[in-house]
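In: Need a 3D model of the following:
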Amino acid sequence: MKTAIITGASSGMGREMVFLLADRFSGLEEIWVIARRRDRLEELLGQVPVRLQLFALDLTEAGAREAFREALEEKKPQVKFLVNAAGAGTPGLLEEIPPEKLTEEVRLNCEALTWMTRTVFPYMDRNSRILQFASASAFMPQPGFAVYAATKAYVLSFSRALAAEGRARGIYVTAVCPGPVRTEFFSHMEDGRSMASYKRFFMARPERVVKKALRDSMMGKEVSVYGFWMKGFWLLCRILPHSLLAAAAMKLSGKNGNA
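Out: Numbering: from 1, shown residues only. I've put the predicted structure just below:
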């Protein structure tokens, strides 16, 4: 049974990827959609021409992971796409954010993504694709968004290493590194804080980001960066000292710590 698995499927780029894969790949028999909010997953039913399997799970919880592992072992799907789009971020200086909020962020962005990738990997075969949603924040340390940027740097590094490991099996891995995207994530930042105003200038539409991500994946690219400005930022981060860029970012963030 040819299957796609998408985390963070209830909103944003994960949701857009559900529609895109269902539209572009007629050979898919099922899409397994995963998110914490079941009501948002149920809204997808009947909207795509592919059978959906709904998993209302919090992948930071051991019990949820075990339930998903059991579903894999029972159905043994042939996974053609794994899309890890779930993520969380809290802007602010480190001392402003509750410790439990930060550890939850690391568990979702790094631990859950790694677990999902490792658990699904044996069910993938040649010409399968893994898309890991990182961020342009991965390109450099970001004061005022330190933990989020660090988690996304992990995703980028992990994905590029896995791309080398998967090549022998014909499994292609792409780290997706957009800048700000017009989704709930940047509207609310998980706790109602507003995004720094300068980032609004670089806002991208989620459907365009996921289309490029899928296109880059099909071309076998290890990293997908959407837009002229973000490509320029990526180049800048490879040329200039990160200490200089971090100092500039700190000034732009303002005294309130918003990134």
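
In: Wasn't Ala4 part of a helix?
Out: No. Using DSSP: H, G, I helix; E, B strand; the rest coil, the secondary structure at Ala4 is strand, not a helix.

In: The spatially closest residue to Gly170 that is not a sequence neighbour is in what secondary structure piece?
Out: The shortest distance from Gly170 to any non-neighbouring residue, by CB to CB, 6 or more residues apart in numbering, is to Arg126 (3.5 Å). Using the backbone N, CA and C atoms, a C-beta is placed for each residue, glycine as well. Element membership of Arg126, judged by DSSP states H and E, is strand 124-133.

In: middle-most residue in this protein, spatially?
Out: Among the residues of the chain, Phe133 comes closest to the average C-alpha position under CA atoms, centre = their mean, at 2.5 Å.

In: can you give me the helices for the stretch 101-250 of the chain?
Out: 113-120, 146-166, 184-188, 206-218, 228-239, 242-253 (DSSP state H, counting those that start in this stretch).

In: can you list those helices in a markdown table and add mean neighbour count and distance to Gly14?
Out: Conversion of these to a markdown table gives the following (neighbours: other CB atoms under 10 Å; distance: least, CB to CB, whole Å):
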| stretch | mean neighbour count | distance to Gly14 |
| --- | --- | --- |
| helix 113-120 | 18 | 12 |
| helix 146-166 | 19 | 14 |
| helix 184-188 | 15 | 10 |
| helix 206-218 | 20 | 9 |
| helix 228-239 | 14 | 20 |
| helix 242-253 | 14 | 27 |
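
In: Include mean pLDDT and distance to Met140 when you put these into CSV, please.
Out: Written out in CSV, the entries for the helices of the stretch 101-250 of the chain read as follows (pLDDT from 0 to 100; distance: least, CB to CB, whole Å):
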stretch, mean pLDDT, distance to Met140
helix 113-120, 98, 20
helix 146-166, 97, 7
helix 184-188, 59, 18
helix 206-218, 96, 20
helix 228-239, 90, 5
helix 242-253, 81, 5
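
In: Centre of the chain to stretch 170-178, how far?
Out: A distance of 11 Å separates the C-alpha centroid of stretch 170-178 from that of its chain, computed with CA atoms, centre = their mean, to the nearest Å.

In: What are the contacting residues of it?
Out: When contacts are defined by CB atoms under 8 Å, 6 or more residues apart in numbering, stretch 170-178 is touched by residues 13, 121, 124-136, 138-139, 152, 155-156, 159-160, 162-163, 166, 204, 209, 213, 216-217, 220-227, 230, 234.

In: ok, now stretch 25-37?
Out: Residues outside stretch 25-37 that contact it (CB under 8 Å, 6+ apart): 1-11, 14, 18, 21-22, 41, 44, 48, 50-59, 68, 71, 77, 80-81, 86.

In: give me that answer again for 6 Å
Out: By CB atoms under 6 Å, 6 or more residues apart in numbering, the list of residues contacting stretch 25-37 from outside reads 1-7, 9-10, 18, 41, 50-55, 57-58.
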